[in-house]
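> what's the 3D shape of this:
(2 chains)
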Number of protein chains: 2
Amino acid sequence: MKISIAQLNYHIGNFEGNLQKMLRAVEQAKKEGADLICFSELATCGYPPRDFLEFEDFIELSENCINQLAKAAKNIAIVVGSPSHNPVVEGKDLYNSAFFLADGKIQHVQNKTLLPTYDIFDEYRYFEPGNEFKVVEYKGKRIALSVCEDIWNLGNENPLYTICPLDEMMPQKPDFILNLSASPFSFNQAEERKKVVKANVQRYKIPMFYVNHSGAQTEIIFDGGSLVMSPDAKIFEELPYFEECIKTYELDEVIKGKPEEHQQIVGKMSLIHDAIVVGIKDYFDKLGFKKTILGLSGGIDSAVVAVLAQRALGKDNVRVILMPSQFSSDHSVNDARQLSENLGIQYDIIPIEEIYSSYSDALKPHFWAYPFNIAEENLQARIRGMLLMAFSNKFGHILLNTSNKSEMAVGYGTLYGDMCGGLSVIGDVYKTEVFELAKFINKDEEVIPENIITKPPSAELRPEQKDSDSLPEYDILDEILFQYIEKRQSPSDIIEKGFDEKLVRRVLRLVNINEFKRYQTAPVIRVSNKSFGMGRRMPIVGKYLA
Amino acid sequence: MKISIAQLNYHIGNFEGNLQKMLRAVEQAKKEGADLICFSELATCGYPPRDFLEFEDFIELSENCINQLAKAAKNIAIVVGSPSHNPVVEGKDLYNSAFFLADGKIQHVQNKTLLPTYDIFDEYRYFEPGNEFKVVEYKGKRIALSVCEDIWNLGNENPLYTICPLDEMMPQKPDFILNLSASPFSFNQAEERKKVVKANVQRYKIPMFYVNHSGAQTEIIFDGGSLVMSPDAKIFEELPYFEECIKTYELDEVIKGKPEEHQQIVGKMSLIHDAIVVGIKDYFDKLGFKKTILGLSGGIDSAVVAVLAQRALGKDNVRVILMPSQFSSDHSVNDARQLSENLGIQYDIIPIEEIYSSYSDALKPHFWAYPFNIAEENLQARIRGMLLMAFSNKFGHILLNTSNKSEMAVGYGTLYGDMCGGLSVIGDVYKTEVFELAKFINKDEEVIPENIITKPPSAELRPEQKDSDSLPEYDILDEILFQYIEKRQSPSDIIEKGFDEKLVRRVLRLVNINEFKRYQTAPVIRVSNKSFGMGRRMPIVGKYLA
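Now for the predicted structure:
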């Protein structure tokens, strides 16, 4: 038996686009002599469809897609993920299903049993857990279908769940396992995924074909990396990361196995780099935009974002504006200009002093008795945001946000100023990681002028300002933030690790009192296990550590 | 037996504040001779605590609160909601529990079984469903404890659930039911609540004490309206809406019942009015702010918000800025001024032409070849937003957002302009309802100048502009939006109701392509069953109807 796996980039709600893409894959698989082709989770409607699932019309469009695919399932079987109706009144209205299509018809529907409802996942909001486990027979082979999380409770060791779906199927003696996934990227996900697939195959001793989604849906990146694993729990093949790929395998050869090739370990910064590039590219493609605008301050954050944007969209589609004020240092403008030239992107310089003066004049009758403070600092950041949005509106370019995770965490940014933008590019990258990313970008040649990387970070909103005036050094700050945000440690846990008590309490308080700012921030491309946005839901009026 | 019910306003994560408030209530109940006092759901930590529940430290602080309350439970029993640890490894780490405290100790923990996971609710993200049902004995009475949603699957008629917790308890012959709720307000919730409590009592024929939370947690309002119902399913007493209240009842009298008093039916606009006033007040109180700033355009939206703010915070705590441009009509400024005088609030006038000119000058080298368009319109809205934010930053006032639900739905608003603000006051009120609300406000005297209500709505961002230039009339628009947003109808369903097909498709497309704007909007005070924000989760890059 020959099996094709299709690692494709779907688009939420773009039924026609997804269908045509799958039909082309079916044709290709047929040409390669495949008996069966497997797509990924919720491939018809795209993942995650979120509350579109509450629209009956949306479900009908998914079903229509399944019917079209069923018609194409002649001389080939098609396995594809799609929502399906729960036929009984009890329970949620929908299942998250794997459809087995053959001979022009739906032959079997296997429902996902384990429904992730944590972090960015809301599956129990929509779906009823599957509770029937039936192996499919096709061309003399017995096939165990599973959907994503279904393989993540091996031997019931995951306390979140009480059923291990594949354990339930094993008495029916399947010959191999198909897993339809839409498993989001984080920089350590590929290793986790390999471990889990390996552990499953070690337990069941039959081959597994793990088929992942590739591409980005707003903030969530799917990195592909689909796996074919032989019964000896060695990787037969791993598909590439961050790109579409269709490949066909002879089952007997997978069963026979082969000496495991040297597994390429891709470094963390390389993965983050590629994930963000895909994140930008797909955000623009899927919204139907081509061009971006962003502000270059001469600092490292906007420099890194400019590079990533240029790599995602091409140099002709990136335009940058340099907006110096009286507080900008000369080198800031020069560094930004040099970077633009290195990237081959259009740059313009618009000084903001005169606009700033017009605000000062308008506000003088009300502000004259009060000293220069955060109001005036924020004015500068907001003038820049407004100028960028004017370009965005005039030319139809999407503004990219350049805030990093450290400053988003502690609220070191101006709402409606430097926090503007349709997509937060590095909002899940701590400042210390931004430096690493810049060095990764510069590994072969000096794309980012060295001075941008080496000078002390500054917002340049008042004379001689440095980030370290108001924040601890980033290596300390980031470690405290990591312990709190990623590890959910308490203040006393963090203090026990040797950090200064006052500092820890101050940092945690800053994180919590700045929920209101993050609430209004653009979606953040997710590259870690705990990113700001849908995956981290915090009350704004909360008093905890605030 | 005498039973006190305490309808209180908790603050998320403010353990000390919540504890002290409950301890005072216990003292009051004792003075009134109560044998038992009942608080509401998750009263220790406040509802909804969201991802704070993932912090072990947060759970320990809740437990500490329970221990303190247990110590106070002498000569009185205390029933209180709080998270509790799931003692077994399997399943989620926490339960959403009702604690029964007496004789200085925890006597019983009854876990919530039905965990709402839809709309604004995420309970299955955190909690394991309870699966044991034990009636508590105290002073010769048998008490059935239930938590909020537990009474919303009466006789298993709610397809979301498969257990009816009170059915499970009835074989133990309870004498009465306590329900600890944190049931969010919408304008039809009070009626729904009464129906559900009545249906439960009709089924079980024993009294029920339904204890709700009162007050606001950012966007979610709890309206109180706690109920005491006699076994004949007649209301013995209903506590007031939107305020704290502690009352003590003699159980025998509740059992005996009394002729049902004429139930005051509070009108929709009155409820929405009061809910929003509480929403504003608690947002400021719980964040520790006193004063607000907002822009008055002379239009109806900002007028209504100014009135609501003045009623929530007091006239000395509301400051408004009038920011006319060359496109503002004379009457706009006059109407806004008149309104400010009616409300007794400070107003200032800051014309924006000169600031606008400074932007024009700065942008001329880049924009000269292009006609006036949305870029220039948005500039005006953003200059206003920036001026307001400058006041906010200078004086520590919170900016209130004045967008209504209709314009938020179709994206008729400027991101970082009129969409600025810490809290969206009327973002869940359709434009046609804003008019009703204005008339309700004016029912006894002309608070809002009549001209503001009668003139045709206009953004006044270009000469002679009217909303109806770009949008259908609001009565048609709002009905289409309601069918799509609240009723989740498909385009063809809505067209079948007699709306023009082109218009329907255009409106639905506008809703869907503007998700990116709503993603960056302030939290919206929720007054309907389907508000923008946490209760409506939509993909940004979705292609469905877009």
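
> phi, psi for the residue of the stretch 351-500 of chain A found nearest chain B please.
Here the stretch 351-500 of chain A gets closest to chain B at one residue, A:Ser490, 3.2 Å apart by C-beta to the nearest C-beta. C-beta here means a position set from N, CA and C on the backbone, and glycine is covered the same way. In terms of degrees, to the nearest 10, the main-chain angles of A:Ser490 are phi -80, psi 160.

> surely it is in contact with B:Phe52?
No: look at A:Ser490 against B:Phe52 with C-beta atoms under 8 Å: they stay out of range, at 11.5 Å.

> so between these two, which is more surrounded?
For A:Ser490 versus B:Phe52, the count of surrounding residues by other C-beta atoms under 10 Å in any protein chain shown is larger for B:Phe52: 26 against 19.

> tell me how far that one lies from B:Arg526.
20 Å (C-beta to C-beta, to the nearest Å).

> so who does whichever residue of the stretch 201-350 of chain A sits closest to chain B touch?
When scored by C-beta to the nearest C-beta, the stretch 201-350 of chain A has A:Lys286 as its residue closest to chain B, at 4.0 Å. When the contact criterion is C-beta atoms under 8 Å, 6 or more residues apart in numbering or on different chains, the partners of A:Lys286 are A:11-12, A:14, A:216-217, B:541, B:543.

> any chance of JSON lines for those residues, columns secondary structure and neighbour count?
Output for those, formatted as JSON lines (DSSP: H, G, I helix; E, B strand; the rest coil; neighbours: other C-beta atoms under 10 Å in any protein chain shown):
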{"residue": "A:His11", "secondary structure": "coil", "neighbour count": "22"}
{"residue": "A:Ile12", "secondary structure": "coil", "neighbour count": "26"}
{"residue": "A:Asn14", "secondary structure": "coil", "neighbour count": "19"}
{"residue": "A:Ala216", "secondary structure": "strand", "neighbour count": "29"}
{"residue": "A:Gln217", "secondary structure": "strand", "neighbour count": "28"}
{"residue": "B:Val541", "secondary structure": "coil", "neighbour count": "26"}
{"residue": "B:Lys543", "secondary structure": "coil", "neighbour count": "21"}
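
> mind putting those in CSV, distance to A:Ile255 and pLDDT included?
Shown next, in CSV, are the contacts of A:Lys286 (distance: C-beta to C-beta, whole Å; pLDDT from 0 to 100):
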residue, distance to A:Ile255, pLDDT
A:His11, 35, 98
A:Ile12, 36, 98
A:Asn14, 37, 98
A:Ala216, 35, 98
A:Gln217, 35, 98
B:Val541, 40, 96
B:Lys543, 40, 95
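
> now the residues you listed in a markdown table, with distance to B:Gln110?
Below are the contacts of A:Lys286 laid out as a markdown table (distance: C-beta to C-beta, whole Å):
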| residue | distance to B:Gln110 |
| --- | --- |
| A:His11 | 47 |
| A:Ile12 | 41 |
| A:Asn14 | 47 |
| A:Ala216 | 45 |
| A:Gln217 | 41 |
| B:Val541 | 44 |
| B:Lys543 | 46 |
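
> name the helix or strand of chain A that has the lowest mean pLDDT.
helix A:467-470 (a mean of 86; mean pLDDT, DSSP states H and E).

> now the element after it, going C-ward?
Next helix or strand after helix A:467-470 toward the C-terminus (DSSP states H and E): helix A:474-481.

> so which bits of the stretch 101-250 of chain A are right by chain B?
Taking C-beta under 8 Å from any C-beta of the partner chain as the criterion, the stretch 101-250 of chain A approaches chain B at residues A:117-118, A:122, A:124-125, A:156, A:159-160, A:162, A:217-218.

> mind checking which of these land in strands?
Among those, the members found in strands (DSSP state E) are A:Gln217.

> can you report phi and psi for A:Lys112?
Torsion angles at A:Lys112 (phi, psi; degrees, to the nearest 10) stand at phi -60, psi 130.

> so where's chain A shaky on pLDDT?
By pLDDT under 70, the low-scoring segments of chain A are A:262-264.

> go with 90
Applying pLDDT under 90 to chain A flags the ranges A:89-90, A:155-157, A:159, A:162, A:258-266, A:326-330, A:456, A:458-471.

> the longest helix in it is where?
Ranked by residue count and defined by DSSP state H, the top helix of chain A is helix A:374-395.

> and the angle from it to helix B:374-395?
170 degrees (axes from the mean of the first three to the mean of the last three C-alpha atoms, to 10 degrees).

> can you tell me what sits against the helix or strand just after helix A:374-395?
Stepping forward along the backbone from helix A:374-395, the first helix or strand reached (DSSP H and E) is strand A:398-401. Here strand A:398-401 makes contact (C-beta under 8 Å, 6+ apart) with A:280, A:283-284, A:287, A:289, A:291-294, A:305, A:309, A:388-389, A:391-392, A:418-425, A:427, A:521-522.

> please save the CA atoms from whatever helix or strand comes next after strand A:398-401 in CSV.
The C-terminal neighbour of strand A:398-401 among helices and strands, as given by DSSP H and E, is helix A:405-410. Extracted C-alpha coordinates of helix A:405-410, given in CSV (Å, rounded to 0.1, in the frame of the first residue of the first chain):
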residue,chain,number,x,y,z
LYS,A,405,8.1,40.6,24.9
SER,A,406,10.1,42.2,27.7
GLU,A,407,8.6,45.7,27.2
MET,A,408,5.1,44.3,26.5
ALA,A,409,5.4,42.4,29.8
VAL,A,410,6.3,45.4,31.9
